[in-house]
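> can you look at this prediction? I've put the sequence above it.
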Amino acid sequence: MKIFADTAIIKEIEEVSKWGIISGVTTNPSLIAKSGITLEEAIKKIVDLVDGPISAEVAEADAESMVKEAKVYAVMHKNIVIKIPMTIEGIKAVKILSRLGIKTNVTLVFTPSQALMAASAGATYVSPFLGRLDDLTKTDDAGFKLLKDIKELFVNYGFKTQIIAASIRHLEHVNQSIRAKADIATIPYNVLKKMVEHELTEKGLEIFREAAKK
Ligand code: E4P
C-alpha cells in the first residue's frame, strides 16, 4: 500500500518527504485553509517536494466550471490530480477530464455505489472516507467494510480505478486500509509519526544502547 501525506502544511510535507516513504499528497479546501496559503501557492511548493500524484480540489460546483478550474491546476504540473466531489456534476466533469487525459480523484465517497459511479466515469482514484463514516455510524469498522466492498467491486469487475483510503484518524485505520488491500492510504502528519512508534521499540532501543556502552 502506498503512503500519501494528507496535508497542505508545507513544513509537514518538507519533513515527511525527507523520510523517503511518501508517494503522493492529498489536499482539500479545509487543509488549504489550515496551511495559510492559497491552493496555487501550495501546488507550486508541493511539486518540488514530492514526485508523485498531488490532489488539488476544485471549488466550483457545476461540471463546466469544474473542468475549467481543473485545466488551470492540471497545466501547473504533470503530477497534479484533480479532486472532484461525488456529485452528478462531479461525475460529468470526471468523464470529460478522463477523455482529456487529466487524472481525477473522486472525493467524499461513502458507499460502493458512489465508487461504482466514479469508476464508471473513468476516475483515476476514489477516496472513501473512513473516519467520517465511523463518526456517523458510531462504529469502528464502517469505513473498513466500505473499503473491503469497494475493493471487491473493483476486482470483480476489472476497474482500474485505485482506492485511496482517506479520513484516517488513527493507526487502526491504517491497519484496516492494509487489511482491505487499499492501493493507497492518505495519512495526516500526526498519524504518520505514530506509524514508526511502539513502546517496545523505544524500550528495546534503550536496552540495546545501554548494552552497547558496556
Ligand atoms: C483526503 O483526501 C481527504 O480530504 C481527507 O482525508 C479528509 O479527512 P478528514 O475527514 O479528517 O477531514
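Happy to help now that I have it.

> residues contacting stretch 181-190, please?
Residues outside stretch 181-190 that contact it (Cβ atoms under 8 Å, 6 or more residues apart in numbering): 1-7, 9, 12, 15-16, 23-24, 26, 125, 127, 147, 151, 162-166, 168-169, 173-174, 177-178, 195. In short, each C-beta sits where N, CA and C put it, glycine included.

> return only those of those residues found close to the ligand.
By Cβ under 6 Å from any ligand atom, the members of these lying near the ligand are 6, 26, 127, 166.

> so which of those wins on neighbours?
Of all these, Ala166 has the most neighbours under the rule other Cβ atoms under 10 Å, reaching 30 neighbours.

> that residue contacts Phe129, correct?
Yes. Contact criterion Cβ atoms under 8 Å: Ala166 and Phe129 qualify, at 5.2 Å.

> now do the shared contacts for those two.
With Cβ under 8 Å, 6+ apart, Ala166 and Phe129 have common neighbours Thr107.

> still on that earlier bit, what's the most distant pair in the ones next to the ligand among the contacts of stretch 181-190?
Spanning the widest gap among those are Asp6 and Ser127, at 9.8 Å by Cβ to Cβ.

> who touches both of the two?
26, 166, 186.

> inside strands: which ones of the residues you listed?
Taking DSSP state E as the definition of strands, the shared contacts of Asp6 and Ser127 contribute 26, 186.

> can you check the pLDDT for Val126?
Predicted confidence (pLDDT) for Val126: 99.

> for the most centrally placed residue in the chain, name its beta-bridge partners.
The centroid of the chain falls nearest to Thr186 when counting by Cα atoms, centre = their mean (3.7 Å). Applying DSSP bridges to Thr186 gives these bridge partners: Phe4.
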